[in-house]
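**Q** any chance you can model this:
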Amino acid sequence: MLHPSYNELMEKINENVDIGDEPVVNSRYSIVCATAKRARQIIDGDEPLVEHYDYEKKKPLSIAVEEMDKSLLKIQTAEEKKETEEKIEAAMKEEVVLDLGEEEE
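**A** As a prediction, the model looks like this:
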């Protein structure tokens, strides 16, 4: 048996949605897709967001489910993803000036 259950994960993900708004996820399929995508990221080298004593033995999918259960992952709509990418792109374009504390003579 999977713990937490799909229903528990859906409730946790949708808990901050206002009444009348569309839930972030409304099917088990959405949960499966999100956790599978995160598991692939972990397999490809991303660091897990949870600390676990037997991290080496734990499977990437189990880690992804645990991250989702602890609300460490955020599932975004396509529109939210686009907005986030635009913000990141804008931030990368800004010129950053570093003052290393060295004075010219």
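
**Q** for Leu72, give its distance to Leu49.
**A** Distance, Leu72 to Leu49, using Cβ to Cβ, to the nearest Å: 4 Å. Backbone N, C-alpha and C define where each C-beta goes, glycine included.

**Q** who are the packing partners of the helix or strand bottoming out on mean pLDDT in the chain?
**A** Least confident element among the helices and strands of the chain, by mean pLDDT, DSSP states H and E: helix 6-14 (a mean of 79). Helix 6-14 sits against helix 28-43, helix 60-69, with contacts defined as 3 or more Cβ pairs under 8 Å, 6 or more residues apart in numbering; DSSP states H and E.

**Q** following element in sequence after the last one, please.
**A** When you say that, I think you mean helix 60-69. Using DSSP states H and E, the helix or strand that follows helix 60-69 towards the C-terminus is helix 78-93.

**Q** now do that following helix: distance to the chain's middle.
**A** Mean-position distance between helix 78-93 and its chain equals 15 Å (Cα atoms, centre = their mean, to the nearest Å).

**Q** go on, stretch 6-19?
**A** Taking Cα atoms, centre = their mean, one finds stretch 6-19 lying 15 Å from the centre of the chain it belongs to.

**Q** hmm, who's touching that stretch?
**A** Contacts with stretch 6-19, where a contact means Cβ atoms under 8 Å, 6 or more residues apart in numbering, come from Pro4, Pro23, Val24, Val25, Asn26, Arg28, Ile31, Val65, Met68, Asp69, Ser71, Ile75.

**Q** give me the buried entries from those.
**A** Val24, Val25, Ile31, Val65, Met68, Asp69, Ile75 (16 or more other Cβ atoms under 10 Å).

**Q** phi, psi of the second one?
**A** The phi and psi torsions at Val25 (degrees, to the nearest 10) take the values phi -130, psi 140.

**Q** what sits against it?
**A** Val25 sits next to Met10, Ile13, Asn14, Ile31, Ala34, Ile75 when contact means Cβ under 8 Å, 6+ apart.

**Q** now for those: which two are most distant?
**A** Asn14 and Ala34 (12.8 Å; Cβ to Cβ).
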